[in-house]
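Predicted model and sequence below, questions to follow.
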Amino acid sequence: MKLNGQKPWGDGVNVENLWQLIENNTLALVKCVPDTSDIRQVNPQEFEFKIMVRMGPVSGTFNSRVKIESIDKASGRVAMTLNSKGPGAVMNASITATISQTGVSYDADVNLSGLLAAVGERLIRNYIDGKLNEFLNNLVKLAKTGQC
């Protein structure tokens, strides 16, 4: 399933400060992901955490891992992979975020199996879009204030 979207920064965002966080403190970014707990840094660009999912018949804690694959400030791109396993379901995603002076956009390729795949693309799309929007709102707050 392909997903994409964008979020304007609005007023008061220092994009250079955001890039410093991306390049030097990715833990701050991971803490902006909604419904996460038990965040553990595996290496400088890889994190494990638990994420609570409540979507249709799928409900429970998913063990997740996110890895920042590349950071290219010159092009404004950050590429990452996300792998999550939970009760009878698996989600793998490749995500590319593009950061500019006016906002952030994303493109994601999401693969689902198990109960998640059975829920239906429309419900899943709405859920993931909602969580991504919540993350992007947190990212805007992080860029403006230094915290989610």
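Looks like it came in fine. Residues are numbered from 1 along each chain as shown.

longest strand in this structure, by residue count?
Counting by DSSP state E, the longest strand found in the chain is strand 58-72.

list the buried ones in that one?
Neighbour counts over strand 58-72 (16 or more other C-beta atoms under 10 Å) mark Val58, Phe62, Ser64, Val66, Ile68, Ile71 as buried. C-betas here are computed from N, CA, C, even on glycine.

Same check on stretch 28-40?
Neighbour counts over stretch 28-40 (16+ other C-beta under 10 Å) mark Ala28, Leu29, Val30, Lys31, Cys32, Val33, Thr36, Ile39 as buried.

Pretty sure Thr81 sits in a strand.
Yes: applying DSSP: H, G, I helix; E, B strand; the rest coil, one finds Thr81 inside a strand.

Spit out the contact partners of it.
By C-beta atoms under 8 Å, 6 or more residues apart in numbering, the residues touching Thr81 are Val66, Lys67, Glu69, Asn92, Ala93, Ser94, Ile95.

quick one: which of the buried residues of stretch 28-40 sit in helices?
Using DSSP state H, the subset of the buried residues of stretch 28-40 located in helices is Ala28, Leu29, Val30.

Which one of those is nearest to Ile22?
Distance to Ile22, by C-beta to C-beta, is smallest for Leu29 among these, at 6.6 Å.

what sits against the closest one?
For Leu29, the contact set (C-beta under 8 Å, 6+ apart) comprises Leu21, Ile22, Leu139, Leu142.

try Asn17
Applying C-beta under 8 Å, 6+ apart, the residues contacting Asn17 are Ala143, Gly146.

Over to it. Which of the three states is it?
Three-state assignment for Asn17 (three-state DSSP): helix.

Tell me how far it lies from Asn4.
According to C-beta to C-beta, to the nearest Å, Asn17 and Asn4 sit 25 Å apart.
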